[in-house]
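1. Here's my sequence, what's the structure:
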Amino acid sequence: QVRVVESGGGWVQAGGSLKLSCAISGRTFRTYGLGWFRQAPGKEREFVARISWSSGDSSYTDSVKGRFTISRDNVKNTVYLEMNSLRPEDTAVYYCAASTNWPPARYDSWGQGTQVTVSS
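-> Numbering: from 1, shown residues only. Below is the predicted model of the structure:
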């Protein structure tokens, strides 16, 4: 079992920055990929970014390219999502998820989410 815990959400004005953290614990050797997702009120959950635990290869959804950066610290078993130039439409609950394969066919372990609110 892999446990995933997000932190770092909050309130920020448009154009500002936030850095989310995702701490992984438990059977971390089974983790090959980590992903960030978000869900805005009244909308479906959407993919934001993902990263390979071993190689660091990453990919992003188009709407965040050039603004968000996903990274990982294998020693601290933590994945980060640095978010810059935030927009009101980035407001959502952000979730971190772990996958036992790469590229992830599915995500097996999910966190509880952290709220990000961007005001205009």
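2. Number of residues surrounding residue 102?
-> Using other Cβ atoms under 10 Å, residue 102 is surrounded by 17 other residues. Glycine gets a C-beta too; all of them are placed from N, C-alpha and C.
3. Contact partners for the most centrally placed residue in the chain?
-> The centroid of the chain falls nearest to residue 36 when counting by Cα atoms, centre = their mean (2.6 Å). Residue 36 is in contact with 20, 22, 48-50, 70, 79, 81, 94-97, counting by Cβ atoms under 8 Å, 6 or more residues apart in numbering.
4. In helices, which of the residues you listed appear?
-> Among the contacts of residue 36, none falls in helices (DSSP state H).
5. Which members of those occur in strands, if any?
-> Residues of these located in strands (DSSP state E): 20, 22, 48-50, 70, 79, 81, 94-97.
6. can you give me the strands in this structure?
-> 2-7, 10-13, 18-26, 33-39, 46-52, 58-60, 68-73, 78-83, 92-99, 109-110, 114-119.
7. Tell me the buried residues in the first one?
-> Applying a neighbour-count criterion of 16 or more other Cβ atoms under 10 Å, one finds 2, 4, 6 buried in strand 2-7.
8. quick one: which of the ones in strands among the contacts of residue 36 is nearest residue 110?
-> Nearest to residue 110 among these, counting by Cβ to Cβ, is residue 97 at 4.8 Å.
9. Which residue is the nearest non-sequential neighbour of the closest one?
-> Leaving out its chain neighbours, the residue that sits closest to residue 97 by Cβ to Cβ, 6 or more residues apart in numbering is residue 107, at 3.6 Å.
10. now swap in residue 112 and tell me
-> Spatial nearest neighbour of residue 112, excluding adjacent residues (Cβ to Cβ, 6+ apart): residue 6 at 7.0 Å.
11. per-residue pLDDT, the residue lying closest to residue 50 once chain neighbours are set aside?
-> Of all residues not flanking residue 50 in the chain, residue 35 sits nearest, at 4.0 Å (Cβ to Cβ, 6+ apart). If you check residue 35, the pLDDT there is 97.
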